[in-house]
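Chemist: Need a 3D model of the sequence below.
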Amino acid sequence: LEFKNLCGILRFSLKTTAGNDLSVSSISLSAEQGLSGAFSVGADNAAVVTGTDGVVLRCAEPKNLYSSSAVEFNIVVPQGDYNPLKVKICDAEGNEVNLVSEGTISVKRSQITNVNLTLAKSTFGTSLETIPITSSDVEFSER
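Modeler: Modelled structure (predicted):
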């Protein structure tokens with residue numbers, strides 16, 4: 001069987017800075033165009049979503065982050081150029097950090113787009129700070 005995927009994967013590889021105990025309970029994504037909901041198949045065989053609904057990845061149990069190795073979170077989204085992509089990461093205590101890309105994040109059908117972030121406990125609930133995504137040269141700022 002040959003499958004034609006309609007979507008791609010945003011893979012968030014999250015680490016924490018040394019000496020920080022941090023657990024992730026959810027990651028929410030939103031953009032100007034829809035990431036979930038009713039869709040049609042476009043001329044390029046990709047999903048074209050109706051509406052502007054986002055998507056949320058909720059962990060059954062909070063996932064601990066480490067400074068020595070990244071923990072990966074995969075979120076399936078339609079192909080597209082997301083500018084800006086808004087990301088909200090919640091920790092186990094309910095604190096959150098809101099990030100927005102400062103450039104385009106491109107997701108292609110049947111491919112993985114890597115997003116690498118290093119977070120600190122102090123990142124949650126603080127003033128605006130730029131956080132670079134190392135593998136794609138796209139940056140996020142807190143909002």
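
Chemist: where along this structure do the strands fall?
Modeler: Along the chain, the stretches classed as strands by DSSP state E are 7-16, 22-31, 39-41, 47-49, 55-65, 71-78, 80-82, 85-91, 96-101, 105-107, 112-119, 130-133, 138-142.

Chemist: mean pLDDT for those: which is lowest?
Modeler: Note on these: lowest mean pLDDT is at strand 130-133, with a mean of 46.

Chemist: re the thing from before, quick one: the strands of the chain as a markdown table, columns for mean neighbour count too.
Modeler: In this view, the C-beta of every residue, glycine as well, is placed from N, C-alpha and C. Listed next are those as a markdown table, based on neighbours: other CB atoms under 10 Å:
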| stretch | mean neighbour count |
| --- | --- |
| strand 7-16 | 20 |
| strand 22-31 | 20 |
| strand 39-41 | 12 |
| strand 47-49 | 20 |
| strand 55-65 | 14 |
| strand 71-78 | 17 |
| strand 80-82 | 20 |
| strand 85-91 | 22 |
| strand 96-101 | 19 |
| strand 105-107 | 20 |
| strand 112-119 | 18 |
| strand 130-133 | 16 |
| strand 138-142 | 18 |
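
Chemist: in terms of contact, does Thr16 touch Ser122 like I think?
Modeler: No - counting by CB atoms under 8 Å, Ser122 is not a contact partner of Thr16; they are 10.9 Å apart.

Chemist: Excluding covalently adjacent residues, which one is nearest to Gly54?
Modeler: Of all residues not flanking Gly54 in the chain, Ser30 sits nearest, at 3.5 Å (CB to CB, 6 or more residues apart in numbering).

Chemist: just wondering, since we're on that neighbour, how far is it from Ser68?
Modeler: With distances taken as CB to CB, to the nearest Å, Ser30 is found 31 Å from Ser68.
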